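Asker: Sequence first, predicted model second:
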Amino acid sequence: MSYMKQDFDSLINRTPLSEPLDRRDFLKTTLGAGFAAAVLPVMAQTVIKTDSVGLTAGQITIDVDGQSVPVYRAQPAGKTNLPVILVVSEIFGVHEHIADVARRFAKQGYLALAPELFVRQGDPRVYPTLSELIEKIINRVPDAQVMGDLDACVAWAGTHGGNIDKLGVTGFCWGGRIVWLYAAHNPNVKAAVAWYGRLVASTAGNNPALTPRQPVDIATNLKVSVLGLYGGKDGGIGLDTIEQMQVMQAKGSSNSEFVVYPDAGHAFYADYRPSYMEAAARDGWQRCLSHFEAHGVV
């Protein structure tokens, strides 16, 4: 496709904000606008803005067994038969950064869909602290519900200009864990990219009834090639868990791989947070695009 292999700077435009964002910004009701209260104020000087010129972008709604699920959609305007990328958010839901990531993929020629996977549990943007957000929303989300919502997005894409024979999935943090699971769940997935997603059960707050399996549990049966992008200084995801995952993968047939950035911590791609590391983010983005292209998601 003519969109592919653009460099990082031609894909995005940096638009410095005049002042740091505060908690008033998350009150915007449109999906993909503003930031979650738990991460404010954001690092305004590094927020990356991707315009929607040449794109069809904005909120749609998909019905999943009677539940209306809001989804941020971005795609090249007037194009059909597009490869499809599911973008799975962090715990903060589909806020401004995730919508921007969807537009970045659309600029590369993809139909990108970022569903609000917490809609049944509440609005993740309104909780002022991480602990409240995790308790009230994240710890109440069943994996089965998430898999079903993502399946519904794929079905929608197949009837709205997407080529679901060219299906990829990517996600960040909470969404990174989901990427591993969805790659094993849906046989139509051709390739996946997991950004710093947890690989083993959490030592606190894990509910086996809602999250019965972890990526390490499905590693031996994984058929899809997953690229894992991780930080060597991630205090929440130990390098030993990556090694554990690699051992289990070696027992199966997946040709998945890990890239660990030794100087990066958690959320190194999140350009709106202090954790952002530009060099690792740039390299990870190019590896992400190359991984999808190498496995036919193009």
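Answerer: Good, I have the coordinates.
Asker: Tell me who's in contact with Ala102.
Answerer: When contacts are counted by CB atoms under 8 Å, 6 or more residues apart in numbering, Ala102 is found next to 32, 57, 72-74, 87, 112-114. All C-beta atoms are positioned from the backbone trio N, CA, C, and that covers glycine.
Asker: check which helix or strand covers the spatially most central residue of the chain.
Answerer: Geometric centre of the chain, nearest residue: Gly171, 2.2 Å, by CA atoms, centre = their mean. Using DSSP states H and E, Gly171 sits within strand 162-172.
Asker: Would you mark the buried spots in that strand?
Answerer: Residues of strand 162-172 classed as buried: 162, 164, 166-172 (neighbour count, 16 or more other CB atoms under 10 Å).
Asker: moving C-terminal of that strand, what's the next helix or strand?
Answerer: Assigned by DSSP H and E, the successor of strand 162-172 is helix 174-185.
Asker: Contacts made by that next one with the rest, please.
Answerer: With CB under 8 Å, 6+ apart, helix 174-185 has contacts from 86-91, 117, 138, 143, 146-147, 150, 169-171, 189, 192-199, 213-215, 218, 221-224, 226, 228.
Asker: Please apply the same query to stretch 215-222.
Answerer: Applying CB under 8 Å, 6+ apart, the external contacts of stretch 215-222 come out as 177, 180-181, 183-184, 194, 197-200, 241, 244-245, 248-249, 251-254, 256.
Asker: Mind listing what's buried along it?
Answerer: For stretch 215-222, by 16+ other CB under 10 Å, it's 215-219, 222.
Asker: Could you export the contacts of Ala102 as a markdown table, including secondary structure, distance to Phe105 and pLDDT?
Answerer: A markdown table is the format used below for the contacts of Ala102 (DSSP: H, G, I helix; E, B strand; the rest coil; distance: CB to CB, whole Å; pLDDT from 0 to 100):
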| residue | secondary structure | distance to Phe105 | pLDDT |
| --- | --- | --- | --- |
| Gly32 | coil | 13 | 90 |
| Ala57 | strand | 11 | 98 |
| Tyr72 | strand | 11 | 98 |
| Arg73 | strand | 11 | 98 |
| Ala74 | strand | 7 | 98 |
| Val87 | strand | 7 | 99 |
| Ala112 | strand | 4 | 99 |
| Leu113 | strand | 10 | 98 |
| Ala114 | strand | 9 | 98 |
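Asker: contacting residues around Gln249?
Answerer: Residues near Gln249 by CB under 8 Å, 6+ apart: 219-220, 222, 256.
Asker: For these, which two are the farthest from each other?
Answerer: The span of the contacts of Gln249, defined through CB to CB, is set by Thr220 and Ser256 at 11.5 Å.
Asker: May I have stretch 267-282 as PDB, with CA atoms only?
Answerer: Taking Å, rounded to 0.1, in the frame of the first residue of the first chain, the C-alpha atoms of stretch 267-282 are listed here in PDB:
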ATOM      1  CA  ALA A 267       4.300   3.100  29.200                       C
ATOM      2  CA  PHE A 268       7.300   4.400  27.200                       C
ATOM      3  CA  TYR A 269       5.000   4.900  24.100                       C
ATOM      4  CA  ALA A 270       2.500   7.100  26.100                       C
ATOM      5  CA  ASP A 271       3.600  10.500  24.800                       C
ATOM      6  CA  TYR A 272       1.300  12.300  27.200                       C
ATOM      7  CA  ARG A 273       3.000  10.900  30.300                       C
ATOM      8  CA  PRO A 274       6.400  11.400  32.000                       C
ATOM      9  CA  SER A 275       7.200   7.800  31.200                       C
ATOM     10  CA  TYR A 276       7.400   8.600  27.500                       C
ATOM     11  CA  MET A 277      10.800   7.800  25.900                       C
ATOM     12  CA  GLU A 278      11.000   9.100  22.400                       C
ATOM     13  CA  ALA A 279      13.800   6.800  21.100                       C
ATOM     14  CA  ALA A 280      12.100   3.600  22.200                       C
ATOM     15  CA  ALA A 281       8.700   4.900  21.000                       C
ATOM     16  CA  ARG A 282      10.000   5.700  17.600                       C
END
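Asker: So what's the model's average confidence on it?
Answerer: The average pLDDT within stretch 267-282 is 97.
Asker: just how off-centre is that stretch within its chain?
Answerer: In terms of CA atoms, centre = their mean, to the nearest Å, the centre of stretch 267-282 is found 14 Å from the chain centre.
Asker: Then stretch 68-75?
Answerer: 14 Å.
Asker: repeat for stretch 193-212
Answerer: Here stretch 193-212 is found 15 Å from its chain centre; the criterion is CA atoms, centre = their mean.
Asker: ends of it, how far apart?
Answerer: Stretch 193-212 has its terminal residues 22 Å apart, counting by CA to CA, to the nearest Å.
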